[in-house]
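> Mind looking at a prediction? Sequence and model below.
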Amino acid sequence: MTVRSATLSPADVEKFPRPDPSTGFITVFVGKKGSGKSFGARQTFDRYPYDGVCIDPTRDAKPTCDYELLDEPLPGRFPWSMDSGPRKLLYQPDPRSPRLVDDIDAAMALVLNPSDRPCIVWSDEGMAAASSAHSTGRNHRLFLTQSRHYGPASGCFCFARPRRIDPLYLHQADLVFIYRVPSAADRRHLAENMGYPVDRFEREYSQLVRAAPYSFLLWDNNENVLWQCPPLPSPRSSSSSSTSEPAGSPA
């Protein structure tokens, strides 16, 4: 397999890979707190044109689109409504609950059912609780292996420590957004599971840490390209070169 790297300037925003909602996609955002990953996932979720479920055990996700709060007990499928238009739901499970892992996994069922309606899940650190390198919930694994046969379903997942999650997230992701990842072991885990040479990845990462805040690496798993990316502007900004806010999703 041939892999390559490339650099995008703020003027090159139009060249960014764009996930296709009609076929389903998986995007993974990794990085330490405050590096920009939640902002990137938020933009992906808000702009998705169909139904969506945000799983937010940390209360930090804060979707900016219109949404409805989802109460427990959870239904087994996306709740019916007389409104035929797309709906976004926000689920905030109790992080102190002994059933937290089961509750988060149950929320994934809403994304997969009904299976003939497109839907996106945004999990802001939620999958870290319900999925690990050694155990992945039933609905999570179904999503990762068969999401395109359900809806198709799409997802954006945020993780602080990639080494602690199921490698299947990286294997199945269409795009991986990599912000500041201080741990060398985490970076090795990323490179090895993306299929990118570890030494080359470290060289690319060394450039990233010298770049402007909220810059990121973007791994295109379909094209085998690792992009060096500048901070993307806020959707409210008319300037493609603005760096006033963190960003991390294709415009």
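Cool, got the structure. Bear in mind that the values here come from a model prediction, so they are computed numbers and not experimental data.
> contacts and neighbour counts: CA atoms only from here.
OK.
> Bridging across strands, which residues link to residue 228?
residue 7, residue 217 (DSSP bridges).
> From residue 189, how far out is it?
As judged by CA to CA, to the nearest Å, residue 228 and residue 189 stand 19 Å apart.
> Which secondary structure elements does the helix or strand residue 105 falls within sit against?
Secondary structure from DSSP states H and E places residue 105 in helix 100-112. Counting contacts by 3 or more CA pairs under 8 Å, 6 or more residues apart in numbering; DSSP states H and E, helix 100-112 packs against strand 51-55, strand 119-124, helix 126-130, helix 138-146.
> correct me, but residue 87 touches residue 67?
Yes: using CA atoms under 8 Å, residue 87 is in contact with residue 67, at 6.9 Å.
> what number of residues lie near residue 136?
For residue 136, the neighbour count with other CA atoms under 10 Å is 20.
> Near residue 179, how many other residues are there?
Using other CA under 10 Å, residue 179 has 27 other residues around it.
> neighbour-wise, which of residue 87 and residue 67 wins?
residue 87 (19 against 15).
> what are the phi and psi values for the more buried one?
With angles defined as degrees, to the nearest 10, residue 87 sits at phi -130, psi 140.
> Look at residue 58 and tell me its secondary structure.
coil (DSSP: H, G, I helix; E, B strand; the rest coil).
> which residues does it contact?
Neighbour list for residue 58: 92, 95, 124, 125, 126 [criterion: CA atoms under 8 Å, 6 or more residues apart in numbering].
> what about the closest residue in space to the third one that isn't next to it in sequence, helix or strand, and which?
Take residue 124 and drop its neighbours on the chain: the residue closest to it by CA to CA, 6 or more residues apart in numbering is residue 158, 5.1 Å away. Secondary-structure assignment from DSSP H and E places residue 158 in strand 153-159.
> got the CA coordinates for the helix or strand following that strand in PDB?
Counting by DSSP H and E, the next helix or strand C-terminal to strand 153-159 is helix 168-172. The C-alpha coordinates for helix 168-172 follow below in PDB (Å, rounded to 0.1, in the frame of the first residue of the first chain):
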ATOM      1  CA  LEU A 168     -12.100  -1.200  14.800                       C
ATOM      2  CA  TYR A 169     -13.000   2.500  15.000                       C
ATOM      3  CA  LEU A 170      -9.700   3.400  13.200                       C
ATOM      4  CA  HIS A 171     -10.000   0.500  10.800                       C
ATOM      5  CA  GLN A 172     -13.500   1.500   9.700                       C
END
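> Report all helices and strands that helix 168-172 contacts.
Packing partners of helix 168-172 (3+ CA pairs under 8 Å, 6+ apart): strand 26-30, helix 138-146, helix 184-194.
> In terms of mean pLDDT, which of those ranks lowest?
When those are ranked by mean pLDDT, helix 138-146 comes last with a mean of 90.
> So for stretch 155-173, first residue to last residue, what's the gap.
By CA to CA, the extent of stretch 155-173 from end to end equals 9 Å.
> Go ahead and measure how far it is from the middle of the chain.
Centroid separation between stretch 155-173 and its chain, computed with CA atoms, centre = their mean, to the nearest Å, is 8 Å.
> ok, and for that stretch, which residues are buried?
Neighbour-count burial for stretch 155-173 flags 155-163, 165-167, 169-170, 172-173 (criterion: 16 or more other CA atoms under 10 Å).
> Give me the residues contacting it.
For stretch 155-173, contacts defined as CA under 8 Å, 6+ apart pick out 25-33, 37-38, 41, 44-45, 120-128, 131-136, 144-145, 176, 181, 185-186, 189-190, 193-194, 221.
> contact partners of stretch 72-86?
Contact partners of stretch 72-86, identified using CA under 8 Å, 6+ apart, comprise 49, 50, 51, 52, 106, 107, 109, 110, 111, 112, 113, 114.
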